[in-house]
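Engineer: dropping the sequence and predicted coords here.
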Amino acid sequence: MPSTLRRPSTTGTESALPKSTKPLFRLGGAATALAAILSLVFLVFPSLKPSPPPPVLSGSISTIVWQQAYSGSLHYAVSARLVGYKGKPCTLGYAVYRSNGQYAGIGAAEVLTLTPESQDDTGGSTVAVPQPLPAGQYYVQFTLNAPNGSKLDTKASTLLTVL
């Protein structure tokens, strides 16, 4: 019994692929050739290669935990996350305020230096803040600064009652 199926012709200029896929192969071939040419140009003339986007730079104070008071100081464990500052020192400072927001006259612009060891790093330390007087409620406002001195983040501690 003879077969009724016909095989597509592959002679001459005809192809076994549907006509709709031919432009895709041409486009893919052109894209590959263009990529190869650009790679060669950038290899020979590296100054023509586009520069990468600027790194993402950010910093935030993650936690502030009051630890204890001793030797006339309040001690806080402060941690921060720094992104994009690998090897560049960022600083942490503080200022003490009364519960009504009035500055208590106690502060330090740079009490701790944090130098990230990777592009996205977290670290911290214990910070000693002189105990404010007279008795009352106070909070400590911590400020994280970038290497150029610009402010990255601020965060306040919880209220603390000094007796």
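Structural biologist: Cool, got the structure.

Engineer: any idea how far A36 lies from Y139?
Structural biologist: Going from A36 to Y139 by Cβ to Cβ, to the nearest Å gives 62 Å. Glycine gets a C-beta too; all of them are placed from N, C-alpha and C.

Engineer: could you check which of the two is surrounded by more residues?
Structural biologist: More neighbours surround Y139 than the other of A36 and Y139, with 17 against 10 (other Cβ atoms under 10 Å).

Engineer: helix or strand for that one, just tell me which one.
Structural biologist: Following DSSP states H and E, one finds Y139 within strand 136-145.

Engineer: what's the very next helix or strand once past that strand in contact with?
Structural biologist: Downstream of strand 136-145, the next assigned helix or strand under DSSP H and E is strand 151-156. Outside strand 151-156, the residues that touch it by Cβ atoms under 8 Å, 6 or more residues apart in numbering are 58-61, 64, 80, 82, 90, 97, 139-146.

Engineer: distance from the chain centre to the one helix or strand S39 maps to, please.
Structural biologist: Using DSSP H and E, S39 sits in helix 22-44. Remark: helix 22-44 is offset 34 Å from the chain centroid, using Cα atoms, centre = their mean, to the nearest Å.

Engineer: any idea of the mean pLDDT for it?
Structural biologist: Averaging the model's pLDDT scores along helix 22-44 yields 75.

Engineer: alpha carbons only: can I get that helix in CSV?
Structural biologist: The C-alpha coordinates for helix 22-44 follow below in CSV (Å, rounded to 0.1, in the frame of the first residue of the first chain):
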residue,chain,number,x,y,z
LYS,A,22,13.2,32.1,8.9
PRO,A,23,13.3,35.7,10.1
LEU,A,24,14.0,34.6,13.7
PHE,A,25,17.1,32.7,12.5
ARG,A,26,18.3,35.7,10.6
LEU,A,27,17.7,38.0,13.6
GLY,A,28,19.5,35.5,16.0
GLY,A,29,22.5,35.3,13.6
ALA,A,30,22.7,39.1,13.3
ALA,A,31,22.5,39.5,17.1
THR,A,32,25.3,36.9,17.6
ALA,A,33,27.5,38.7,15.0
LEU,A,34,26.9,42.1,16.6
ALA,A,35,27.7,40.7,20.1
ALA,A,36,31.0,39.2,18.8
ILE,A,37,31.9,42.5,17.0
LEU,A,38,31.2,44.6,20.2
SER,A,39,33.2,42.2,22.3
LEU,A,40,36.2,42.5,19.9
VAL,A,41,35.9,46.3,19.9
PHE,A,42,35.8,46.5,23.7
LEU,A,43,38.7,44.2,23.9
VAL,A,44,40.8,46.4,21.5
